[in-house]
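**Student:** Just the structure for this:
(one chain, ligands or ions: 3)
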Amino acid sequence: MMISSAEYQQRRQKFMNAIGKGVAIFRSAPQAVMHNDVEYVYRQDSDFYYLTGFNESEAVAVFAPNHKEHQFILFVEPKDLAKEIWTGYRVGVEGAKEAYNADIVYPINELDQKLPEYLVTGDRIYYHLGRDAHFNEKIIYNWQRLVASYPKRGSGPVALEDSNFVLHPLRLVKSEAEIVMLKKAAEISVKAHQRAREFAQPGRYEYEIQAEIEHTFRLLGGDGMAYPSIVASGENACILHYIENNRKMEAGDLLLIDAGCCYGYYNGDITRTFPVDGEFTSQQKDIYQLVLSAQLQAIDQVKPGNTYNQYHDKAVEVLVEGLKELKLLNGDSKEIIDGKKYEPFYMHRTGHWLGLDVHDAGNYKQDSEKWTTFQAGHVVTVEPGIYISPYIKPVEGQPEIPDYWKGIGVRIEDDVLVTESGNEVLTIAVEK
Ligand code: GLY
Ligand code: MN
Ligand code: MN
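**Tutor:** Ligands and ions are numbered 1, 2, ... in the order given. The predicted structure follows:
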């Protein structure tokens with residue numbers, strides 16, 4: 001179950017149609033080092049992967065729709081059997097041409113020599129200035145040389161543009177094959193959450209639950225976690241990115257688990273919150289029911305024609321009304337919302353695009369006023385929460401928080417696909 005080479009070809013074709021007479025360059029992600037000579041498992045840059053499916057470092061992809069012979073050019077590390085014995089298989093120059101359908105493949109050490117021949121065919125260069133300052137300089141240097149020689153030629157790239165603005169709108173709408181991948185990532189994530197719920201009980205440590213979750217990810221064929229798993233019991237649930245996962249859980253605790261599996265580069269992202277001993281206290285139940293109600297009503301807003309902000313606004317509206325009923329907020333709802341007086345309880349947005357990146361590529365707004373309109377193939381998370389930290393400071397004029405509310409943190413998160421007729425919750429099978 002993977003993306004077919006025909007689909008990669010279609011993606012490249014669409015992208016090249018979009019850049020018209022331009023030329024685009026993508027750099028592979030660097031190989032991250034864990035310590036000394038030990039490396040992390042390699043993970044390709046998502047833009048690079050989306051267009052090529054190629055998952056080795058030290059590679060460059062060039063798209064030159066105007067070049068007479070080569071429109072898709074790859075630069076890769078050549079095969080080196082002595083090194084491969086240590087670091088694993090490399091596809092190499094010959095292999096890459098075959099396996100990735102490039103029009104031509106060069107060894108990466110020929111990049112400086114060959115790049116100008118392709119860049120000169122574009123009326124502009126599409127390139128995202130990345131973290132590799134040295135590589136950025138290389139692109140700018142090449143561009144400036146072509147600008148300097150432009151008068152003699154009367155052609156060449158006159159501008160450098162960020163490729164994000166062309167590629168990310170394509171990544172935003174998921175194909176059928178991508179949806180299959182996302183469903184698989186969701187399915188494994190669901191099973192891991194189900195396992196976690198069975199396994200959690202007072203006296204166990206958070207990391208034991210984490211181990212069950214991540215064990216399930218691998219056991220079921222996932223690549224591993226999509227992001228560091230958050231297993232947060234008691235007041236740890238009020239820390240949004242708590243990843244220490246080292247506390248011993250006690251009866252009376254809520255346990256917030258935010259964990260998702262990566263499958264073939266596509267990600268799941270699920271949060272559930274439940275009482276470790278199976279019994280809510282009355283305050284926990286009030287907060288839980290409120291977040292659940294906000295989440296279900298927010299999910300209803302995820303449908304074609306609605307805009308990205310609508311489900312967030314719905315969640316905030318429901319949470320604010322509920323917090324007023326619980327006397328944790330007071331005053332006019334519109335003033336609370338416009339003045340963001342709910343933020344001590346709810347400080348993040350209600351979700352994000354999901355795909356090759358957990359916080360996936362794509363604009364949330366089309367200009368400063370206009371939010372992106374949902375269409376079939378968009379995938380978002382819906383993840384409202386309420387966090388009553390022991391250190392919470394209400395906004396001026398708002399009630400002090402009685403101690404019996406403090407330390408409660410609840411978030412509920414599902415992955416939601418926009419369909420032609422509404423939506424499909426990909427992660428619905430985890431109890432909530
Ligand atoms: N787990 C990261 C997020 O929910 O956005
Ligand atoms: Mn999450
Ligand atoms: Mn999320």
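**Student:** For the rest of this, base every contact and every neighbour count on C-alpha atoms.
**Tutor:** Noted.
**Student:** what's the closest non-adjacent residue to Leu255?
**Tutor:** Spatial nearest neighbour of Leu255, excluding adjacent residues (Cα to Cα, 6 or more residues apart in numbering): Ser233 at 4.3 Å.
**Student:** Likewise for Glu413?
**Tutor:** Of all residues not flanking Glu413 in the chain, Glu383 sits nearest, at 4.0 Å (Cα to Cα, 6+ apart).
**Student:** Report how many residues lie close to Gly203.
**Tutor:** By other Cα atoms under 10 Å, 12 other residues sit near Gly203.
**Student:** before we move on, back to that, residues in contact with the residue nearest to Leu255?
**Tutor:** Taking Cα atoms under 8 Å, 6 or more residues apart in numbering, we find Ser233 in contact with 206, 247, 249, 253-256.
**Student:** Give the burial count for Leu255, as a bare number.
**Tutor:** Using other Cα under 10 Å, Leu255 has 29 other residues around it.
**Student:** That one against Ala237, yeah?
**Tutor:** Yes: with contact defined as Cα atoms under 8 Å, Leu255 reaches Ala237; the gap is 7.2 Å.
**Student:** Quick check: phi and psi on Val418?
**Tutor:** Dihedral pair for Val418: phi -80, psi 130, per degrees, to the nearest 10.
**Student:** can I assume Phe48 sits in a strand?
**Tutor:** No: according to DSSP: H, G, I helix; E, B strand; the rest coil, Phe48 belongs to no strand; its state is helix.
**Student:** That one: what's it in contact with?
**Tutor:** Contact analysis of Phe48 by Cα under 8 Å, 6+ apart lists 26-28, 54, 61.
**Student:** Now do the contacts for Leu426.
**Tutor:** By Cα under 8 Å, 6+ apart, Leu426 lies in contact with 183, 186-187, 414-417.
**Student:** Just want to check the distance between it and ligand 2.
**Tutor:** If you measure Leu426 against ligand 2 using Cα to the ion, to the nearest Å, the figure is 14 Å.
**Student:** can I assume Gln194 is in contact with Val430?
**Tutor:** Yes: counting by Cα under 8 Å, Gln194 touches Val430, with 6.3 Å between them.
**Student:** related to what we said a few turns ago, what is the most widely separated pair among the contacts of Leu426?
**Tutor:** The span of the contacts of Leu426, defined through Cα to Cα, is set by Glu187 and Leu417 at 13.7 Å.
**Student:** Close to ligand 2: what parts of the chain are there?
**Tutor:** Counting by Cα under 5 Å from the ion, the chain comes close to ligand 2 at 258, 269.
**Student:** Give me the helices and strands touching the longest helix belonging to the chain, please.
**Tutor:** Longest helix of the chain, by residue count under DSSP state H: helix 176-199. For helix 176-199, the packing partners by 3 or more Cα pairs under 8 Å, 6 or more residues apart in numbering; DSSP states H and E come out as helix 206-219, strand 254-259, strand 261-263, strand 266-267, strand 270-275.
**Student:** among the ones you listed, which is the most enclosed?
**Tutor:** Counting by mean count of other Cα atoms under 10 Å, strand 261-263 has the highest mean neighbour count of these, with a mean of 31.
**Student:** Next, the contact list for Phe374, please.
**Tutor:** 302-308, 418.
**Student:** Tell me the pLDDT of Met1.
**Tutor:** Confidence at Met1, expressed as pLDDT, is 61.
**Student:** One more: Ile125?
**Tutor:** Model confidence at Ile125 (pLDDT) stands at 98.
**Student:** The residue in the stretch 1-150 of the chain that ligand 2 sits nearest to: neighbour count?
**Tutor:** Closest approach between the stretch 1-150 of the chain and ligand 2, counting by Cα to the ion: Ser46, at 19.0 Å. By the criterion of other Cα under 10 Å, Ser46 has 21 neighbours.
**Student:** which ones are touching the nearest residue to Ala61 once chain neighbours are set aside?
**Tutor:** Counting by Cα to Cα, 6+ apart, Ala61 lies nearest to Leu74, which is 4.7 Å off, once chain neighbours are set aside. Taking Cα under 8 Å, 6+ apart, we find Leu74 in contact with 59-62, 96, 102, 104-106.
**Student:** Among these, name the ones in strands.
**Tutor:** Secondary structure from DSSP state E places 60-62, 104-106 of the contacts of Leu74 in strands.
**Student:** Run through the stretch 1-150 of the chain and note the low-pLDDT ranges.
**Tutor:** 1 (pLDDT under 70).
**Student:** number of nearby residues for the nearest residue in space to Arg90 that is not next to it in sequence?
**Tutor:** With Cα to Cα, 6+ apart as the criterion, Arg90 has its nearest non-adjacent residue at 6.0 Å, and that residue is Lys79. Lys79 has 16 neighbours, counted by other Cα under 10 Å.
**Student:** Would you mind giving the secondary structure of Lys79?
**Tutor:** Here Lys79 is recorded as coil under three-state DSSP.
**Student:** Right, I'll leave it there.
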